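Enquirer: Fold the following, please.
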Amino acid sequence: MLIVHVEIEVKPESVQAFVAATLANAAASRREPGIAQFDLLRPQGETNRFLLVEAYRDEAAPGRHKETAHYGLWAETVAPMMARPRQSVKYASVDAP
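Expert: Numbers count the residues shown, from 1 in each chain. This next block holds a predicted model:
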């Protein structure tokens, strides 16, 4: 399992459109066989900062995800809404010895 956290800061005037586009992308993403979880979160008390939590079933799933039409539409739609480039951190499960 590969977990990806994507931190996003959106221009204040774009928040509503960003949320709509991202929820549509998340709903379509959850239907992909390689995705176990895809959630949009916002820190409490924040209006324009977000976190995407993406859980992939295997190492190849993120690449397949980025080839989908819904991801392409999302990326193109939200790019001008970003206050700064999004940042991601990839995590792997830690198994007990």
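Enquirer: and P62, what helix or strand is that in?
Expert: Assessed by DSSP states H and E, P62 sits inside helix 61-66.
Enquirer: in that helix, what counts as buried?
Expert: By 16 or more other C-beta atoms under 10 Å, the buried positions in helix 61-66 come out as A61, P62, H65. No exception for glycine: its C-beta is placed from N, CA and C like everyone else's.
Enquirer: Need the mean per-residue confidence for the helix ranked longest in the chain.
Expert: Using DSSP state H, we find that the single longest helix of the chain is helix 15-29. Averaging pLDDT along helix 15-29 yields 98.
Enquirer: list the buried ones in that helix?
Expert: In helix 15-29, counting by 16+ other C-beta under 10 Å, buried: V15, F18, A21, T22, N25, A26, A28, S29.
Enquirer: mind checking the SS state of the nearest residue to A83 once chain neighbours are set aside?
Expert: Nearest non-adjacent residue to A83, counting by C-beta to C-beta, 6 or more residues apart in numbering: E9, 4.3 Å away. Using DSSP: H, G, I helix; E, B strand; the rest coil, the secondary structure recorded for E9 is strand.
Enquirer: Provide the partner residues of E9 in its beta bridges.
Expert: In this entry, E9 is beta-bridged to R49, by DSSP bridges.
Enquirer: which residues sit in contact with it?
Expert: By C-beta atoms under 8 Å, 6 or more residues apart in numbering, the contact set of E9 is N48, R49, F50, M82, A83, R84.
Enquirer: which among those residues end up buried?
Expert: For these, buried by 16+ other C-beta under 10 Å: N48, F50.
Enquirer: Let me have the contacts of E9 in TSV, adding distance to V94 and pLDDT as columns.
Expert: TSV is the format used below for the contacts of E9 (distance: C-beta to C-beta, whole Å; pLDDT from 0 to 100):
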residue	distance to V94	pLDDT
N48	33	97
R49	27	98
F50	26	98
M82	31	97
A83	33	98
R84	30	97
